[in-house]
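> Compute the structure for the input listed below.
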Amino acid sequence: MSLEAIRYHRGSLHILDQLLLPQQSHYEAVTSVCQAWEAIRAMKVRGAPAIAIVGCLSLAVELHAGAGGPGLEALVTFVQNSLNYLVTARPTAVNMARAAQEMSEVATQEAGLEGATEGAVRERLICWAEHMLEKDIRDNRSIGDHGAQHLLERVAPGGGQVTVLTHCNTGSLATAGYGTALGVIRSLQALGRLKHVFCTETRPYNQGARLTAYELVYEKIPATLITDSMVAAAMAHKEVGAVIVGADRVVANGDTANKVGTYQLAIVARHHGIPFYVAAPVSSCDLSLKTGQDIVIEERPGQELTSICGTRIAAPGIGVWNPAFDVTPHELITGGIITERGVFSPKELQTALTSTTS
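Below you'll find the predicted structure:
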């Protein structure tokens, strides 16, 4: 059974506080949009899919409790203002912005129906948010299966097992369950085709060491933790067959924003001739942006670099630059972009997604 980052039933939402992992496993109640915003910003919950799900479910919890209104116009305004606020918590990941737009449109459409009632609109919005949770798990399993099949055909067409390298955390803790890049790894394991996983520690927040390693041990997947600076050596000496990472935003030309350090990983993989894959749901694809230069990159507080668990490790007075993400150019994504609809090369992505939605 996979770990649960999100526990929800109608009117109740709890999140696994990922700041406390792996030392403590503590679920925190989220009863409001404001509390969800704080949890997302503080990275108690993280991962582009999970951010959107928690944001929308926090609004569903408030709606269930009677927030918004009275009246349809006041209710729709409350929903739209809440969603716009949630988008500001962490702007680089597109999932929350896309979910906010879609949920806002649902609110407007439902309120505009003849005979619409406040209760009916509330129910429709709550159901919409709940459907997000269910759909994410289905999509993740499809990503895992598509990615595993494509990777094996590319890397091990004659059979045998593969060793993969991954960065940051893209598993159950970053989604509603199963995971994106880690979902591909789970699918390889289920097929008996996974030999080993190398996961990076992922400085400065150590999502790889704290979260991915935690998931891999929990799932009993053979794995080794390495520092971010060891990836070139690992590719040179440890028979890495493929690199699989997630994404917070994929734009029209295939450029991809992901956890900082991904770009250098892609460069090294290209040098060693190792296929580099990006695994992301369609909800992470933003075709409104032409290139990665258009992506707003979140910058985090400097103390994330200068301190670990409250203990300062850097010299006082040193300057800090701490972008949370970097952009990998599409030409370095040599394996493909894995979605729930299939695996596409960066140049195929826009056509593939627009044709399947038309």
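
> At which residues are the strands of the stretch 101-250 of the chain located?
Counting by DSSP state E, counting those that start in this stretch, the segments of the stretch 101-250 of the chain that form strands are 162-166, 194-200, 223-226, 242-245, 249-251.

> neighbouring contacts of the next helix or strand after the second one?
The first helix or strand that comes after strand 194-200 along the chain, using DSSP states H and E, is helix 207. With contacts defined as Cβ atoms under 8 Å, 6 or more residues apart in numbering, helix 207 is touched by 46, 168-169, 259. For the C-beta atoms, the positions are set from N, CA and C on the backbone; glycine is no exception.

> what about 7 Å?
Helix 207 is contacted from outside by 168-169, using Cβ atoms under 7 Å, 6 or more residues apart in numbering.

> Give me the average confidence score over it.
When the per-residue pLDDT values of helix 207 are averaged, the result is 95.

> among the strands of the stretch 101-250 of the chain, which is the most enclosed?
Per residue and on average, the most neighbours among the strands of the stretch 101-250 of the chain fall to strand 249-251, with a mean of 29 (mean count of other Cβ atoms under 10 Å).

> before we move on, back to that, how about the strands of the stretch 101-250 of the chain in CSV, adding mean pLDDT?
Putting those into CSV (pLDDT from 0 to 100) gives the following:
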stretch, mean pLDDT
strand 162-166, 98
strand 194-200, 98
strand 223-226, 98
strand 242-245, 98
strand 249-251, 97
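
> what's the closest of those to Val106?
Of all the strands of the stretch 101-250 of the chain, strand 249-251 sits nearest to Val106, with 22.6 Å by Cβ to Cβ.

> what helices or strands is that closest one leaning on?
Counting contacts by 3 or more Cβ pairs under 7 Å, 6 or more residues apart in numbering; DSSP states H and E, strand 249-251 packs against strand 285-286.

> tell me the average confidence for the strand it packs on?
Mean predicted lDDT for strand 285-286 stands at 96.

> Which strands border it, and is each parallel or antiparallel?
The strands beside strand 285-286 in its sheet (DSSP bridges) come out as strand 249-251 (parallel).

> okay if I get the strands of the stretch 101-250 of the chain as CSV plus distance to Arg41?
Supplementary listing: these in CSV, determined by distance: least, Cβ to Cβ, whole Å:
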stretch, distance to Arg41
strand 162-166, 25
strand 194-200, 24
strand 223-226, 27
strand 242-245, 23
strand 249-251, 18
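
> which stretch among those strands comes nearest Gly336?
Where the strands of the stretch 101-250 of the chain are weighed against each other on Cβ to Cβ, the nearest is strand 242-245, at 10.4 Å.

> List the neighbouring strands of the closest one plus their orientation.
On the basis of DSSP bridges, the sheet neighbours of strand 242-245 come out as strand 162-166 (parallel), strand 276-279 (parallel).

> Now do the buried residues in stretch 22-34.
When burial is assessed from 16 or more other Cβ atoms under 10 Å, stretch 22-34 yields the following buried residues: 30, 32-33.

> Please consider this matter closed, and thank you.
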